[in-house]
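Enquirer: Next come a sequence and a model predicted from it.
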Amino acid sequence: LRGLGWFRMLVAAELAFSLVAAGGLWLLRAQTLQGEARMLDALARALALQADRTLGIGQVMLKNTSDELSRGLIAPSGAQTDALLRDRARALPSFRAISLFDARGRRIATSRDESTPAPREVEARDFFQAAQHTAAPQLFLSDPYVALGDDRPAVSLSVGWFDARGRFAGVLALVADPDF
């Protein structure tokens, strides 16, 4: 019976040690999860800041180009306009293309190469209709859609452009991946 008392004490000690180890592991898990949550929060803030800066740069380019179109400093179509849009698209690596659409939704200039098919029914897209129903150029971010040019999901950051007399003349759109 004496040997049985030591055995009970040994089992009790092992049980106590197991409880302390389990508590330590639980605390370590909680601390790890808190650290990962802080890391994810910092990453989310950094991504949001990057997206905000990308939108800001896109907005400046769109508004400046819209203003240049309105003042007649840029022709709304032609090889020079396509070349200008390609140059501006290269300066915005987060975006796949820049396209200019007339008041009826026809693409009249683009940074895409000439072999890229023109999108259809642009006048029905939310970004076109939003620009069409504003009195002045306002930035609009579209709902995701499938871009005809490369058959990939896309969103458009767009602004309307107006002629020198303030009439709606069309839409200038930057095309990006939905997760830009």
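Expert: Happy to help now that I have it.
Enquirer: Give the residue spans of the protein that score low on pLDDT.
Expert: Along the chain, the model assigns pLDDT under 70 to residues 1-3, 149, 180.
Enquirer: for it, what's the longest strand?
Expert: strand 152-162 (DSSP state E).
Enquirer: Toward the C-terminus from that one, list the very next helix or strand.
Expert: The helix or strand immediately downstream of strand 152-162 is strand 168-176, counting by DSSP states H and E.
Enquirer: quick one: strands adjacent to that following strand?
Expert: Counting by DSSP bridges, the strands paired with strand 168-176 are strand 95-102 (antiparallel), strand 152-162 (antiparallel).
Enquirer: Any buried residues in the longest one, and which?
Expert: Residues 154-162 are the ones in strand 152-162 that count as buried (16 or more other Cβ atoms under 10 Å). For the C-beta atoms, the positions are set from N, CA and C on the backbone; glycine is no exception.
Enquirer: tell me which of those is nearest to residue 76?
Expert: residue 161 (8.2 Å; Cβ to Cβ).
Enquirer: partners of the closest one in the sheet?
Expert: Counting by DSSP bridges, residue 161 is bridged to residue 170.
Enquirer: contacting residues for it?
Expert: 65-66, 69-70, 100, 137, 169-172 (Cβ atoms under 8 Å, 6 or more residues apart in numbering).
Enquirer: at 10 Å what do you get?
Expert: 62-63, 65-70, 74, 76, 100-103, 131, 137, 168-172 (Cβ atoms under 10 Å, 6 or more residues apart in numbering).
Enquirer: Just the buried ones out of these, please.
Expert: Using 16+ other Cβ under 10 Å, the buried ones in the contacts of residue 161 are 62-63, 65-66, 69-70, 74, 76, 100-103, 131, 137, 168-172.
Enquirer: tell me what the lengthiest helix in the chain is packed against?
Expert: Longest helix in the chain by number of residues (criterion: DSSP state H): helix 2-70. Under the contact definition 3 or more Cβ pairs under 10 Å, 6 or more residues apart in numbering; DSSP states H and E, helix 2-70 sits against helix 79-90, strand 95-102, strand 140-141, strand 152-162, strand 168-176.
Enquirer: Format these as CSV; extra columns: distance to residue 121.
Expert: Below are those laid out as CSV (distance: least, Cβ to Cβ, whole Å):
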stretch, distance to residue 121
helix 79-90, 21
strand 95-102, 11
strand 140-141, 17
strand 152-162, 14
strand 168-176, 13
